[in-house]
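Everything below, folded, please.
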Amino acid sequence: MRRTKRILLTGGGSGGHVYPLVAVAEALRPLAEAQQASVDLYYLGPDDQYRQILDKAGIRTYGLAAGKIRRYVSLANFLDIPKFFIGLIQAFAKVFWIMPDAIFSKGGTGAFAVVFAGWFYRIPVVIHESDTVPGLTNLASSRFAKRIAVGFEIALQYFNPRKAVWTGNPVRSDLLKNQMNPGDAKHALHFDAETPLLLILGGSLGSQRINEFILPLLKELLHDTQVLHQTGFANYEEVKKLSQAALLDVSVGEELRTRYQAFPYLERDMRVALAAADLVVTRAGASNIFEIAAYGKPAILIPLLESANDHQRVNAYEFSKTGAAIVIEEPNLLPGIFLSQVKELLGNQNALRSMAKASLGFFRSNAAELISQEILKLV
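Sure thing, here's the model as predicted:
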């Protein structure tokens with residue numbers, strides 16, 4: 001008799017939490033089919049713009065109030081206390097109503113309430129930690145989890161070895177399928193196929209400091225490279241206005257102006273953008289690193305200075321140890337250093353090929369399947 005298994009997904013606050021949930025959801029369906037079963041997928045998490053991504057993936061979504069846990073003293077911590085308790089009550093009610101066979105948590109905003117409710121109802125919980133240094137939510141949730149998957153092998157040290165397994169970080173299937181060759185990808189984005197392309201990624205939330213750093217350098221960068229710039233939703237209009245002003249300089253010329261494109265977020269075009277890129281400049285969030293590695297791209301990583309427990313800096317150096325990336329920490333992010341690194345790398349094809357090989361070797365293409373197997377073992 002065919003059985004339907006109910007899996008509840010949770011985790012949120014950024015694309016870095018939500019896209020891996022989509023990747024695992026996509027992997028769960030065929031694995032369940034192979035076991036003569038089917039899965040009903042649900043999501044319970046923050047009521048924000050990222051729920052739309054899960055809706056499009058065929059996952060039934062429900063929102064809850066979510067207060068953020070911060071490691072530093074802030075008035076916002078006190079203001080979020082009521083949200084946390086409201087979210088906890090909502091989680092207990094909704095988890096009871098769904099009564100899933102298992103819960104999978106990516107951590108982040110609102111996830112702990114769902115994990116705790118699941119543990120109370122004796123529902124097995126699997127969590128996944130993307131970063132080298134775990135966040136507060138996953139550290140707290142690990143006490144209530146049956147299995148703990150980690151993206152970076154170095155993160156195993158933070159968890160019970162009887163529970164923890166190294167899986168890599170899941171990347172959504174639409175990025176992995178039908179990868180284009182760089183020339184075709186550049187043409188698809190209306191860039192020249194022969195000129196190097198620098199891809200600048202600020203993540204779904206954007207990076208104002210990277211944007212502010214890059215814009216004054218555009219004139220010099222565009223003499224040798226093309227630039228595709230993901231600004232983040234909040235920063236797009238400002239970047240668009242400032243970049244237009246910078247490129248109005250008569251000395252830039254019309255040909256060089258066409259070498260720069262800015263987008264708020266490359267959700268649908270990320271597959272093409274990564275294929276087209278010769279070099280990627282980005283923060284060192286786990287999702288960024290693993291998506292870059294999935295395409296075997298060399299990178300310049302600029303870790304976020306204020307990242308919790310300095311996890312972005314540790315992420316960056318863990319990736320760079322393979323030879324896939326160069327790390328420039330923010331105190332050293334000076335125009336001369338940055339421009340010389342970009343020009344040196346793009347002018348050395350042997351170095352780029354070596355970095356690309358190391359980048360691709362870092363990626364574990366079956367991460368979503370490994371996590372899905374851990375979930376299905378428990379139901």
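
what are the phi and psi angles of residue 261?
In terms of degrees, to the nearest 10, the main-chain angles of residue 261 are phi -130, psi 140.

Would you mind measuring from it to residue 174?
From residue 261 across to residue 174, the span is 21 Å (CB to CB, to the nearest Å). To be clear about C-beta, it is placed using only N, CA and C from the backbone, and glycine gets the same treatment.

ok, now residue 100?
25 Å.

can you pull out the strands in the stretch 251-379 of the chain?
Secondary structure of the stretch 251-379 of the chain (DSSP state E, counting those that start in this stretch): strands at 260-263, 279-282, 299-301, 325-327.

Mind checking which residue lies nearest the centre of this structure?
residue 287 (2.6 Å; CA atoms, centre = their mean).

Leaving out chain neighbours, which residue sits closest to that one?
Spatial nearest neighbour of residue 287, chain neighbours left out: residue 16 (3.8 Å); criterion: CB to CB, 6 or more residues apart in numbering.

Check which helix or strand that neighbour maps to.
Assigned by DSSP states H and E, residue 16 belongs to helix 15-34.

What's the first helix or strand after that helix?
Following the chain from helix 15-34 toward its C-terminal end, the next helix or strand by DSSP H and E is strand 37-46.

Would you indicate which residues of that following strand are buried?
39, 41, 42, 43, 44, 45, 46 (16 or more other CB atoms under 10 Å).

what's the angle from it to helix 15-34?
160 degrees (axes from the mean of the first three to the mean of the last three CA atoms, to 10 degrees).

List the contacts of strand 37-46.
Strand 37-46 has contacts (CB atoms under 8 Å, 6 or more residues apart in numbering) with 2-13, 21, 25, 28-29, 32, 51, 54, 58-64, 66, 91, 94-95, 98, 100, 108-111, 114.

what do you get if the cut-off is 7 Å, keeping everything else the same?
For strand 37-46, contacts defined as CB atoms under 7 Å, 6 or more residues apart in numbering pick out 2-13, 25, 28-29, 32, 54, 59-64, 66, 91, 94, 98, 100, 109-111, 114.

For the stretch 151-300 of the chain, which segments count as helices?
173-176, 182-188, 208-214, 218-221, 236-247, 254-257, 270-276, 286-294 (DSSP state H, counting those that start in this stretch).

Kindly indicate whether residue 127 is helix, strand or coil.
strand (DSSP: H, G, I helix; E, B strand; the rest coil).

That one and residue 96, how far apart?
Residue 127 is 20 Å from residue 96, by CB to CB.

Could you do residue 112 as well?
Using CB to CB, we find residue 112 at a distance of 17 Å from residue 96.

Output the below-cut-off pLDDT ranges for the chain.
Within the chain, the set of residues satisfying pLDDT under 70 comprises 1-2, 67-78, 203-206, 250-252.

can you list the domains in it?
Using automatic domain parsing, the domain parsing of the chain gives 3-171+365-377, 175-362.

show me what contacts residue 121?
For residue 121, the contacting residues are 95, 96, by CB under 7 Å, 6+ apart.

cool, and residue 299?
With contacts defined as CB under 7 Å, 6+ apart, the neighbours of residue 299 are 280, 282, 292, 324, 325.

from those residues, which single one is nearest residue 241?
Nearest to residue 241 out of the contacts of residue 299 is residue 282 (CB to CB; 23.0 Å).

Across the sheet, point out what pairs with the nearest residue to that closest one once chain neighbours are set aside.
In space, and not counting its chain neighbours, residue 282 is closest to residue 201: 4.1 Å by CB to CB, 6+ apart. Residue 201 has the following beta-bridge partners by DSSP bridges: residue 230, residue 282.

Cross-check the contact I'm expecting between residue 201 and residue 287.
No. Under the criterion of CB atoms under 7 Å, residue 201 is not in contact with residue 287, lying 10.1 Å apart.

contacting residues around the closest residue to residue 214 other than its chain neighbours?
Of all residues not flanking residue 214 in the chain, residue 200 sits nearest, at 5.9 Å (CB to CB, 6+ apart). Residues in contact with residue 200 (CB under 7 Å, 6+ apart) are 210, 214, 227, 229, 230, 281.

Quick check: of the residues you listed, which lies closest to residue 300?
So of the contacts of residue 200, ranked by how close each gets to residue 300 (CB to CB), first place is residue 281, at 4.8 Å.

What is the neighbour count of that closest one?
For residue 281, the tally of surrounding residues (other CB atoms under 10 Å) stands at 24.

Contact partners for it?
Contacts of residue 281 (CB under 7 Å, 6+ apart): 198, 200, 300, 302.

mind checking how far it is from residue 33?
41 Å.

so who does residue 313 touch?
Counted by CB under 7 Å, 6+ apart, residue 313 has contacts 303, 329.

go on, residue 170?
Counting by CB under 7 Å, 6+ apart, residue 170 has contacts 20, 23, 24, 367, 368, 371.

now residue 132
Applying CB under 7 Å, 6+ apart to residue 132 gives the contacts 152, 154, 155, 311, 314, 315, 318.

Help me confirm that the fourth one comes into contact with residue 134.
Which is residue 311. No. Using CB under 7 Å, residue 311 is not in contact with residue 134; the gap is 8.1 Å.

Kindly list the longest helix within this protein.
Ranked by residue count and defined by DSSP state H, the top helix of the chain is helix 75-98.

in terms of contact count, name the helices or strands touching that one.
strand 3-12, strand 37-46, strand 60-64, helix 111-120 (3 or more CB pairs under 7 Å, 6 or more residues apart in numbering; DSSP states H and E).

Distance from the first one to the middle of the chain?
The chain centroid and the centroid of strand 3-12 are separated by 21 Å, computed with CA atoms, centre = their mean, to the nearest Å.

now swap in the last one and tell me
Centroid displacement of helix 111-120 relative to its chain, using CA atoms, centre = their mean, is 23 Å.
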